[in-house]
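how would this look folded up:
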Amino acid sequence: MIHSIGLQAAREQKSGKYDIRTRHLDADGHPRFVNHLIREASPYLLQHAHNPVMWRSWNEQSFQLAQEENKPVFLSVGYSTCHWCHVMEEESFDDLGVAELINQYFIPIKLDREQRPDLDELYMTALQVIRGSGGWPMSLFLTPTSAPFFGGTYYGKRQFMEILQQVHEMWQEEQKELIQQGEQLLVTVKRYLEPAAKQQQLNPDVAETLSRHLVKLSDEEHGGFGQAPKFPQEPYLLFMLDKVARAADIPLDDNPEWLVVKAALDAMLKGGIYDQVGGGFHRYAVDSAWQVPHFEKMLYNQGQLARVYAQAYQLSGNPEHRRLVEETLHYVRQEMTDEHGLFYSATDADSEGEEGRFFVWSQMELKMLLSAEDYALLAACYQICEQGNFEGRIVLNLKANLIELSRQLEQDYDGLLGRLEAIKRTLYERRLRRTPPLTDHKIITEWNAMMIAAFAEAARILGNREYYDVAGTAAKQLLVRHSRDSGALWRLSLSGEGSEEALLEDYAHLIEALLQLYDVQQDPYWLEQSMAFYCGVMEQYWDKGSGGFFVSAVNVSGPLLVRSKNVADTATISGNGLMLNVLQSLLERSGQWLLRDNIQQQVRTFSASINQAPLSSPIFVKGIGQMQAAAADLRYGAGGNLWVQLVCCDRTPGSYEFHLTVTTRKGWHIDPAKVTIENQSPARAHQSPARQISDMEVLHDPEQESDQRWRWRLRLSGTPGHAIRIGVTVQACSEESCKPAERLTLTQRLR
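Predicted coordinates:
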């Protein structure tokens, strides 16, 4: 039975563009039911478009109907690759008896948490207040004005039907009390999501305080943070990597933060959380030892962890860290990239109705697929046993990283890597014959920006021009396909159809991605675009009263009782935390002094929150560290019209040759004779600091209409794991005037 002609027309328009998921089909195989979700551009919502529940979207019309009929709203929040969301759909939402109760007593609304993370944050906070915990699917009951008064997560069918009946009876008999309960709950939620206007002096030791917390929180036995279920916790890792980078005077292996990071990265690259056959990371591990994953793969994990491993490689030179970067980026290009060069959101944990079926093996299957010699090598490197480690099957885990294994097996690292790649290729090709998990094809601005930033940063750190091209193509496509006529952005799109106003996180991550692209080749286009988006964010998201950025724009769809200014990082990085970092990057690259005021106000706004709970906001604390002392091998000066880069070009035992390059924008120049270079690091120079300059070359002819570059060769001695710190004093001049001389400090670890 079709509920309306309009919905039927929408279904026909979308025919073939989505998978129909329902047991209720007519004799011709067509779905008997269709609801308002058929009009949505979200794979998760379309999964529920043929439930007998008369689902509605989150909009003003849905809540107006609730008020007219004086019915509470049943709000169900989930996402397309959520295992327990699928279970609850099959047990309850596709059941006629459950649907009858919901349709009779409630206004049912389905919400994709990836489409509206601002609403997900609001109602998850409310659920955590109600129950002390949360998760997905999130099942909440709201007043007709959208205030939550009761809720939970997954419910089995029988319990869910009982709850539906009980909430209906309570609404009939205690409506006034439930409304008051919802209002009181909102007060608590606002207190958490809208930081108090009071401002206090930032604790100057906040980074050290956070670092000590994280070292204590780390799992000394298995690596990472906390216990099962175990998440990668990328914001923690990025904070600690940044702190290690600026601690240039401490040798790498003597640095407690580095030891925590290294343990986590080594554990993940060995474990089942990493797809040992196809590359890429699963969302989390269900055990403390990282052996068995929850098998869904999220784009944001690939982007964030690729950057974590790239930054670790930059510090350590560990080829295993580089391998993980390259394999993860290869996986994304191969399996999560559309025809335009943009990136899909996720792949499911389930296939053929079973969690993990696509990814696991039996010992017999491995023996049949491989030669005796190849199987012997696989068994020498991976934990393989007949009983398996996941429901009688095997999730492949390395016994040790490949550097250690090459020593144990007395093989060359590159040779072992090549042999294992051939074996894994055989397994991968066999796996392709299985039914793959569902891919969520929606394109999310925030997550695509994370991936663009990862490719761009990997291009610079690994020296891979191809990664830069991938990042540039994706960025240009995203700007075209997600731009609206107003100049604002869509949060996401599906099959080219945009939906939902972009949120702060979308803009913050996009600005960072554009700046990462800019840092590879200093193409002014990327800086101009990032400045344009910064101006838009200030207009639409900046709190002109008390500072900080709202997560949502002014004109989001549907009711929004709390306009969050949260600064806490979760599985992804908070918009407010990231904005502190990108504002500083923009200031250094553009010289726009208004940015300095924004930075100072951003710190003042959130100082009280950071002082109270630094563990919640590692990326914000990372930004504070950058304000105090930059740590980079690339620095900008003269309002962005000059940049200095330090690159290691040649290594001999105990000796390193670096190239120091000074580049000026077209129309600017330096007097190379007045450039002074000082060795401020523990590494010894072969000559005195004043004589470190062995050769100076003009790499571009100053008469040409282009940027100008000068290069010096520096030869230094030192020990791997130690850092060098080079101070460069330089003055940039245009035809009209000269900037004051600046001293820029560059750092790089010896590898």
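
ranges for the strands of the stretch 101-250 of the chain?
For the stretch 101-250 of the chain, the strands defined by DSSP state E, counting those that start in this stretch occupy 107-112, 138-142, 148-152.

so which of these is nearest T435?
Judged by Cβ to Cβ, the one of those that comes nearest to T435 is strand 107-112, at 24.3 Å. To be clear about C-beta, it is placed using only N, CA and C from the backbone, and glycine gets the same treatment.

what angle sits between the closest one and strand 138-142?
140 degrees (axes from the mean of the first three to the mean of the last three Cα atoms, to 10 degrees).

check which residues of strand 107-112 are buried.
For strand 107-112, the neighbour count (16 or more other Cβ atoms under 10 Å) marks I107, P108, I109, K110, L111, D112 as buried.

of those residues, closest to Q680?
Distances from Q680 to these, taken by Cβ to Cβ, are shortest for D112, at 51.5 Å.

related to what we said a few turns ago, right, and the strands of the stretch 101-250 of the chain - which one's nearest C85?
Nearest of the strands of the stretch 101-250 of the chain (Cβ to Cβ): strand 138-142, 9.4 Å.

still on that earlier bit, could I get the strands of the stretch 101-250 of the chain as JSON lines with distance to N401 and mean pLDDT?
Below are the strands of the stretch 101-250 of the chain laid out as JSON lines (distance: least, Cβ to Cβ, whole Å; pLDDT from 0 to 100):
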{"stretch": "strand 107-112", "distance to N401": "38", "mean pLDDT": "98"}
{"stretch": "strand 138-142", "distance to N401": "38", "mean pLDDT": "98"}
{"stretch": "strand 148-152", "distance to N401": "42", "mean pLDDT": "96"}
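
out of those strands, flag the one nearest I452.
When those are compared by Cβ to Cβ, strand 107-112 sits nearest I452, at 22.4 Å.

now the closest one - C-alpha only, CSV.
C-alpha atoms of strand 107-112 as CSV (Å, rounded to 0.1, in the frame of the first residue of the first chain):
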residue,chain,number,x,y,z
ILE,A,107,5.1,11.1,15.1
PRO,A,108,8.1,9.0,14.1
ILE,A,109,11.2,10.8,12.9
LYS,A,110,14.4,9.2,11.5
LEU,A,111,17.7,11.0,11.7
ASP,A,112,21.0,10.2,10.1
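
and for it, what's in contact with it?
Residues from elsewhere that reach strand 107-112 (Cβ atoms under 8 Å, 6 or more residues apart in numbering): 37, 40, 42, 44-45, 48, 53-58, 62-63, 65-66, 69, 71-80, 102, 119-120, 144.

equivalent analysis for stretch 370-387, please.
With Cβ under 8 Å, 6+ apart, stretch 370-387 has contacts from 276, 291, 363, 366-367, 389, 394, 396-399, 402, 405, 409, 416, 419-420, 422-423, 426.

list buried residues within these.
If we count by 16+ other Cβ under 10 Å, the contacts of stretch 370-387 have these buried: 276, 291, 363, 366, 389, 394, 396-398, 402, 405, 416, 419-420, 423, 426.

least confident pick among those?
Lowest-confidence member of the buried ones among the contacts of stretch 370-387: N389, scoring 94 (pLDDT).

V644 and L660 touch, don't they?
Yes - with contacts counted by Cβ atoms under 8 Å, V644 reaches L660, the gap being 6.9 Å.

joint contacts of the two?
V728, L746.

now do the end-to-end distance for stretch 111-120.
8 Å (Cα to Cα, to the nearest Å).

can you start the count at 53 instead of 1 from here on
Sure, I'll start numbering at 53, so the last one becomes stretch 163-172.

run the chain-centre distance for that stretch.
Offset of stretch 163-172 from its chain centre (Cα atoms, centre = their mean, to the nearest Å): 16 Å.

pretty sure D649 is in a strand, no?
No - the assignment for D649 (DSSP: H, G, I helix; E, B strand; the rest coil) gives helix, which keeps it out of a strand.

what's the burial count for it?
As a burial measure, D649 scores 11 neighbours (other Cβ atoms under 10 Å).

if I look at the spatially most central residue of the chain, how far off is I154?
Geometric centre of the chain, nearest residue: Y352, 3.7 Å, by Cα atoms, centre = their mean. Distance of Y352 to I154, given as Cβ to Cβ, to the nearest Å: 32 Å.

show me what counts as buried in stretch 203-214.
G203, G204, T205, Y206, Y207, F212, M213.

and stretch 185-203, by the same measure?
Buried residues in stretch 185-203, defined by neighbour count with 16+ other Cβ under 10 Å: 186, 188-196, 198-203.

tell me the contacts of the closest residue to F212 other than its chain neighbours?
Excluding its sequence neighbours, the residue lying closest to F212 (Cβ to Cβ, 6 or more residues apart in numbering) is S144, at 5.2 Å. Listed by Cβ under 8 Å, 6+ apart, the contact set of S144 reads V150, Y207, K209, F212, M213.

ok, the last one - contacts?
This means M213. Contacts of M213 (Cβ under 8 Å, 6+ apart): S144, G149, V150, L153.

same question for the first one.
V150 is in contact with V105, S144, K209, F212, M213, L216, counting by Cβ under 8 Å, 6+ apart.

check the third one too.
Remark: with contacts taken as Cβ under 8 Å, 6+ apart, K209 is in contact with E143, S144, D147, V150.

and the pLDDT for it?
K209 carries a pLDDT value of 97.

how near is the residue of the chain most remote from its centre to V219?
The centre of the chain is farthest from one residue, E225, which by Cα atoms, centre = their mean lies 45.7 Å away. Applying Cβ to Cβ, the value for E225 to V219 is 11 Å.

again, but for S669
36 Å.

neighbour count: these two, which is higher?
Neighbour comparison, S669 and V219: the larger count goes to S669, with 27 against 19 (by other Cβ under 10 Å).

isn't V360 up against M292?
No - taking contacts as Cβ under 8 Å, V360 lies outside contact range of M292: 9.7 Å.

buried stuff in stretch 584-604?
By 16+ other Cβ under 10 Å, the buried positions in stretch 584-604 come out as 585-586, 588-589, 592-594, 599-604.

distance between the ends of that stretch?
Span of stretch 584-604 from end to end, Cα to Cα: 19 Å.

and it, how far from the chain's centre?
How far stretch 584-604 lies from its chain's middle: 21 Å, per Cα atoms, centre = their mean.

hmm, who's touching it?
169-170, 173, 247, 249, 539-540, 553, 555-557, 559-560, 562-563, 566, 605-606, 612, 615-619, 627-628, 631, 634-635, 638, 647, 650, 653-654, 656-658.

any weak-confidence spans in the stretch 653-802 of the chain?
For the stretch 653-802 of the chain, the stretches with pLDDT under 70 are 683, 733-759.

repeat that for the chain.
Looking at the chain by pLDDT under 70, you get 53-57, 248-249, 683, 733-759.

would you map out the domains in it?
57-245, 276-491, 494-681, 686-801 (automatic domain parsing).

which residue ranges of the stretch 303-452 of the chain form strands?
Here the stretch 303-452 of the chain has its strands, by DSSP E, counting those that start in this stretch, at 336-337, 345-346, 349-350, 398-399, 402-403, 406-407.

between those, which one is closest to R75.
Across the strands of the stretch 303-452 of the chain, closest to R75 is strand 402-403 (Cβ to Cβ), at 16.7 Å.

paired strands for that closest one, with orientation please.
Using DSSP bridges, strand 402-403 pairs in its sheet with strand 406-407 (antiparallel).

what lies in contact with the partner strand?
Outside strand 406-407, the residues that touch it by Cβ under 8 Å, 6+ apart are H135, H346, F347, A401.
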